[in-house]
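> predicted coordinates and the sequence they were generated for:
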Amino acid sequence: MARFVITGGLGVGKTSVLSLLKPRYETVAEPAREVIAEHRHTSGEATLDHRPELFVEMLISRSIENHTAASPSALTVFDRGVPDCIAYAMAYELDPGPALEAASRYRYEDPVFIASPWCRHRVNTDPLSPPEF
């Protein structure tokens with residue numbers, strides 16, 4: 001069926017949106033978090049602060065695995081995806097070629113959902129009062 005992706009900066013609510021969608025749709029966690037957690041747990045080097053080129057290589061591989069593993073009969077929503085690998089490569093001044101090639105081959109449906117940052121964080125945390133932003 002369809003593969004959709006939600007992308008955006010850190011802390012903008014992508015994972016929260018996916019948790020709300022999970023009861024009705026297939027969802028796929030952010031691959032960067034998985035790669036970082038695995039390598040920190042095993043003292044691996046595929047982290048942005050040690051070997052960013054290895055991190056991006058692993059991220060491309062994991063993103064492709066996730067894309068390929070998505071059920072063809074289900075609507076699947078991804079927390080970031082293959083195109084995000086391009087941004088990681090460019091941010092760390094690495095060759096974006098492999099990520100560009102992967103992004104052209106492993107596609108998502110239109111539209112791509114881009115989560116924008118909130119103007120301010122919620123001020124009032126009392127559950128009985130209306131939210132103040």
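Perfect, I can see it now.
> quick one: the residue nearest the centre of the chain and Ile114, what's the gap?
Centroid check for the chain by C-alpha atoms, centre = their mean gives Arg80 as the closest residue, at 2.3 Å. When C-beta to C-beta, to the nearest Å is applied, the distance between Arg80 and Ile114 equals 11 Å. No exception for glycine: its C-beta is placed from N, CA and C like everyone else's.
> which residues are in contact with each of those two?
Ile6, Thr7 (C-beta atoms under 8 Å, 6 or more residues apart in numbering).
> buried residues of stretch 95-106, list them for me.
Across stretch 95-106, burial judged by 16 or more other C-beta atoms under 10 Å covers Pro96, Pro98, Ala99, Leu100, Ala102, Ala103, Tyr106.
> not counting sequence-adjacent ones, nearest residue to the second one?
Closest residue to Pro98 in three dimensions, ignoring its sequence neighbours and counting by C-beta to C-beta, 6 or more residues apart in numbering: Ile60, at 5.9 Å.
> what's in contact with the helix or strand of the chain with the lowest mean pLDDT?
Taking mean pLDDT, DSSP states H and E as the measure, the helix or strand of the chain with the lowest value is helix 31-41, at a mean of 84. By C-beta under 8 Å, 6+ apart, the list of residues contacting helix 31-41 from outside reads 44-48, 55, 58-59, 62-63, 66, 80, 84, 88.
> how about it: buried residues?
Applying 16+ other C-beta under 10 Å to helix 31-41 flags Pro31, Ala32, Val35, Ile36, His39 as buried.
> with stretch 14-31 instead?
Lys14, Thr15, Val17, Leu18, Leu21, Glu26, Thr27, Val28, Glu30, Pro31.
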